[in-house]
Structures are given as C-alpha cells and as structure tokens.
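Enquirer: Quick one: sequence and predicted model below, then my questions.
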Amino acid sequence: MFTRTATARKPYHYKLSGLHRVFLIGIEVESCRECGAESPSIPKLGELHRMLAHYLVNKKDRLSGEELRFLRKLPGLPARKFAELLCITPEHLSGAENGRRELGPSVDKLARAVVVEAIKSDETRSILLQYPTEIGEQLAQLRFAYDDHWTRAA
C-alpha cells in the first residue's frame, strides 16, 4: 500500500457518489500496489454531498438519471415516496433514474424543490415523508358541519 494526494493531474474518481463525472482533488488516497484498488480518505463528506446537491439543483440542463438518484438519496427519500411527491409512478421514476425515460421540465423543477426542502431539516423531511399517504388520507377525510356556523366535524 502507498498513499498519494489526489491532484489536478491525477484526481480521485469518486464513483461511490453514483455520479460518473465527480473527481476529487486534495484528498489522501491509499492504493494497493498489487491490484490497484484505491481507498480514499474524504473529509467532511456531508459538506461535499451538499455542495454536489447545490450544483445539481442549480444547473440549467435537466437532471440526468444518476443526478436525480443522487439528489433523492441524499436526504434519504425512498423511491416510492419521492415518486408520489412528484406525482409520477414509481415505474416512471425508476425509468428516469436508470436513463430510460426523461422527466418533463415541470417534474424536473419539482424534484429539485422537493430535495432542497428535504435537505433543510429533519422536520421538513419528516413532513415530506408523511405526505401524501398520511396527510393525503387526512385531507380526504375532512368533514365540516353547518349549524349556524361552520365547524370541523369528527
């Protein structure tokens, strides 16, 4: 084993991010002389992931499948819930994440907004995870009664 510092000439290809275009510079990387396997030491990983997310949600082009998957997974949103929040089927989301389908422009923008909100706080993430099943069920059961004035019925 030997240790190297990733440089601009020889950066570390951060494949574990799930994004094929991410290369890191300035980190320590242990490499096996025999098999070539590399093991990086990535400081402040959460900060790096938030920086990647910031770049992705602000880019002008539509999200690629791998970018969409990265953004969904960063705040820990399950695919089925994320699809519900985007008002698309889980199959459509899977197709988009695997590069077989594209999201429309409106859904692409909505995906970015949902992720930004989910990253903000655990409370916001929790609310998003409740919607639409629990909150949707509650909304479907709203009943109001009129007896000289409106009240919420049980």
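Expert: Sure thing, it's come through. Remember, it's a predicted structure, so these values are computed and weren't measured experimentally.
Enquirer: how many other residues sit next to Val57?
Expert: 17 (other Cβ atoms under 10 Å). Backbone N, C-alpha and C define where each C-beta goes, glycine included.
Enquirer: Which helix or strand contains Leu129?
Expert: Here Leu129 sits within helix 122-130, counting by DSSP states H and E.
Enquirer: cool, Leu63 as well?
Expert: Going by DSSP H and E, Leu63 is not in any helix or strand.
Enquirer: Show me what the helix holding Leu129 is in contact with.
Expert: Residues outside helix 122-130 that contact it (Cβ atoms under 8 Å, 6 or more residues apart in numbering) are 75-78, 81, 85, 114, 117-119, 135.
Enquirer: dump the residue contacts of Ser39.
Expert: Residues counted as contacts of Ser39 (Cβ under 8 Å, 6+ apart) are 29-31.
Enquirer: isn't there a strand covering it?
Expert: Yes - judged by DSSP: H, G, I helix; E, B strand; the rest coil, Ser39 forms part of a strand.
Enquirer: which stretches of the protein form helices?
Expert: Remark: helices assigned in the chain by DSSP state H are 45-58, 65-73, 79-85, 90-97, 105-120, 122-130, 133-140.
Enquirer: Ile25 is nearest to which of these?
Expert: helix 45-58 (11.8 Å; Cβ to Cβ).
Enquirer: Just the buried residues of the closest one, please?
Expert: Neighbour-count burial for helix 45-58, with 16 or more other Cβ atoms under 10 Å as criterion, is recorded at 48-49, 52-53, 56-57.
Enquirer: ok, now stretch 120-131?
Expert: 125, 128-129.
Enquirer: tell me the mean pLDDT for that stretch?
Expert: The pLDDT scores in stretch 120-131 average 80.
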